[in-house]
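S.K.: Build me a structure from this.
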Amino acid sequence: EIIRIPGYTEDEKVNIALRYLLPKQLKANGLRKDELAMPEATLRDLIRYYTREAGVRGLEREIAKICRKVVRDNVEAGKKQTVTIEPDALEDYSGVKKFQYGLAEDVNRIGQVTGLAWTQVGGELLTIECALTRGKGRVIKTGSLGDVMQESIQAALTVVRSRAAGLGISDDFHEKHDLHIHVPEGATPKDGPSAGVGMCTALVSALTQIPVRADVAMTGEITL
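M.R.: Model prediction:
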């Protein structure tokens with residue numbers, strides 16, 4: 001029997017960082033409490049843009065890295081100084097953001113849909129892309145998609161074919177074109193039926209050349 005243990009919420013991670021991780025790393029790196037301050041907003045950005053995990057090990061590593069850089073700056077300056085790291089200064093210590101958080105595309109694009117996904121570390125925006133090329137009806141699926149998600153693509157394709165006339169799509173589109181459906185972040189496995197409505201919308205958009213609104217996200221299983 002598999003016992004599933006839920007990960008920490010963002011609020012829990014912030015509290016763990018403030019109460020335990022930051023004091024621990026300050027002590028480990030020889031810093032006093034008044035030498036480095038990280039407001040709650042900074043810790044939230046650190047969690048959102050630099051870690052993606054159920055626990056807090058990655059968060060502790062990021063805090064440790066910041067502490068080491070503060071120590072280095074103190075040594076180079078020849079004196080100890082009080083440093084308060086605000087969210088807009090985080091990149092100076094942690095580098096370029098590793099992850100996007102809650103950001104959708106700005107431009108409406110043909111064949112591109114914003115979906116919603118569930119992960120062990122919270123909700124995510126999921127981009128679904130569909131491209132149409134001349135061919136003989138192949139359906140190409142990429143992006144580390146699981147069996148259920150691939151079945152969702154097949155169901156979406158059947159829905160589009162069965163309603164082609166009503167959607168203003170040629171009945172024989174599947175005989176003259178190849179369809180390529182891709183879900184970015186190919187190294188991350190994805191599965192589940194809830195992307196079906198997004199897959200269907202991406203297909204219709206690519207076949208009708210009508211852009212999809214980028215500020216609308218969708219989730220839900222598609223049925224025949």
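S.K.: G123: helix or strand, and which one exactly?
M.R.: The secondary structure element spanning G123 is strand 122-134 (assigned by DSSP states H and E).
S.K.: can you list the domains in the protein?
M.R.: Per automatic domain parsing, the structural domains of the chain span 10-94, 109-218.
S.K.: Identify the residue nearest S170 in space, chain neighbours excluded?
M.R.: Residue nearest to S170 in three dimensions, not counting chain neighbours: A164, with 6.9 Å by C-beta to C-beta, 6 or more residues apart in numbering. Placement of C-beta: from N, CA and C, glycine included.
S.K.: got it, and A41?
M.R.: Closest residue in space to A41, ignoring its immediate chain neighbours: P87 at 5.2 Å, by C-beta to C-beta, 6+ apart.
S.K.: ok, now how distant is the residue of the chain most remote from its centre from I66?
M.R.: Computed with C-alpha atoms, centre = their mean, the residue of the chain farthest from its C-alpha average is G78, at 41.5 Å. Distance, G78 to I66, using C-beta to C-beta, to the nearest Å: 21 Å.
S.K.: rank the domains of the chain by pLDDT, which is bottom?
M.R.: Mean pLDDT is lowest for domain 109-218 among the domains of the chain, at a mean of 89.
S.K.: Which parts of the protein are strands?
M.R.: 36-37, 83-84, 109-110, 112-119, 122-134, 139-142, 177-182, 211-212, 217-218 (DSSP state E).
S.K.: partners of the spatially most central residue of the chain in the sheet?
M.R.: Centroid-nearest residue in the chain, with C-alpha atoms, centre = their mean: E124, separated by 5.2 Å. Beta-bridge pairing of E124 under DSSP bridges involves A117.
S.K.: what residues are up against it?
M.R.: L116, A117, W118 (C-beta atoms under 8 Å, 6 or more residues apart in numbering).
S.K.: How about the contacts made by the second one?
M.R.: Contact partners of A117, counting by C-beta under 8 Å, 6+ apart, are G123, E124, L125, L126, K190, G192, S194, A195, T219.
S.K.: and stretch 40-58, how far apart are its ends?
M.R.: 17 Å (C-alpha to C-alpha, to the nearest Å).
S.K.: Report the buried residues of it.
M.R.: Of the residues in stretch 40-58, those buried by neighbour count under the rule 16 or more other C-beta atoms under 10 Å are T42, L43, R44, D45, L46, I47, R48, Y49, Y50, T51, R52, V56.
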